[in-house]
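S.K.: kindly generate the corresponding structure for this input.
(4 chains)
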Protein chains: 2
Amino acid sequence: MGGKKTSITNHIKRIRLARTELTQAGLAERVGATRQTIIAIEAQKYAPSLELAFRIAHVLNEPVEEVFQFDSSLWD
Amino acid sequence: MGGKKTSITNHIKRIRLARTELTQAGLAERVGATRQTIIAIEAQKYAPSLELAFRIAHVLNEPVEEVFQFDSSLWD
DNA sequence: TATTTACGTAAAAAATACTTTACATTCTGT
DNA sequence: ACAGAATGTAAAGTATTTTTTACGTAAATA
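M.R.: Okay, here's the model as predicted:
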């Protein structure tokens, strides 16, 4: 069920397709995660760990805060 | 035992003491976490989730990448 | 001295992220 | 139409993060 909705969203897919040639599998390999993890994160099923977020941003050549957004308005 | 060393470090304590009046308990309350969590993260026992990292940076008035560092040199 | 405040350790349980495996769908190109 | 590549769903198990609870120590102060 559901799980607790995180207030983190991301533009991984947009950036991946627009600025790289990477497939989900390719990105997964470069960041040291599995394809399933990338699929779930791109589908906003859950937020990555901080470390994985850094790796993804690094591989996509973008700052973390460009790739991931924290919606501080739905805070508490 | 040990667990897998994360390649994330942080300067929460330094920034908290230098730029705010917040205690560990105060920071914990403002970010919606427990005091234990702040203690463990400041002690570099583990890295926070991405969401908590965003909240901490937000409360400390710093960009995520100022508060948290990813050591990409010890990558794979 | 006694009390309060801040910081610290420890450990079990709960919540969340990640992997592994297997199979289904969609798209592209021949 | 067919094959292959890329994307998707699902579910069980492992790993990591966070909470909860309890206790310990040091500093400031009434």
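S.K.: what about the residue nearest to A:L27 when sequence neighbours are not counted, how many neighbours?
M.R.: Across the structure, with CB to CB, 6 or more residues apart in numbering or on different chains as the measure, the residue nearest A:L27 apart from its sequence neighbours is A:I38 (5.5 Å). Where you see a C-beta, it was placed from the backbone N, CA and C, and this is true even at glycine. Using other CB atoms under 10 Å in any protein chain shown, A:I38 is surrounded by 25 other residues.
S.K.: now swap in A:N10 and tell me
M.R.: Using other CB under 10 Å, A:N10 has 20 other residues around it.
S.K.: low pLDDT regions in chain A?
M.R.: When the per-residue scores of chain A are filtered using pLDDT under 70, the ranges that remain are A:1-5, A:74-76.
S.K.: quick one, strands of chain A?
M.R.: For chain A, the strands identified by DSSP state E occupy A:8-10, A:68-70, in order along the chain.
S.K.: want to try JSON lines for those, with distance to B:V59 as columns?
M.R.: Conversion of the strands of chain A to JSON lines gives the following (distance: least, CB to CB, whole Å):
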{"stretch": "strand A:8-10", "distance to B:V59": "16"}
{"stretch": "strand A:68-70", "distance to B:V59": "12"}
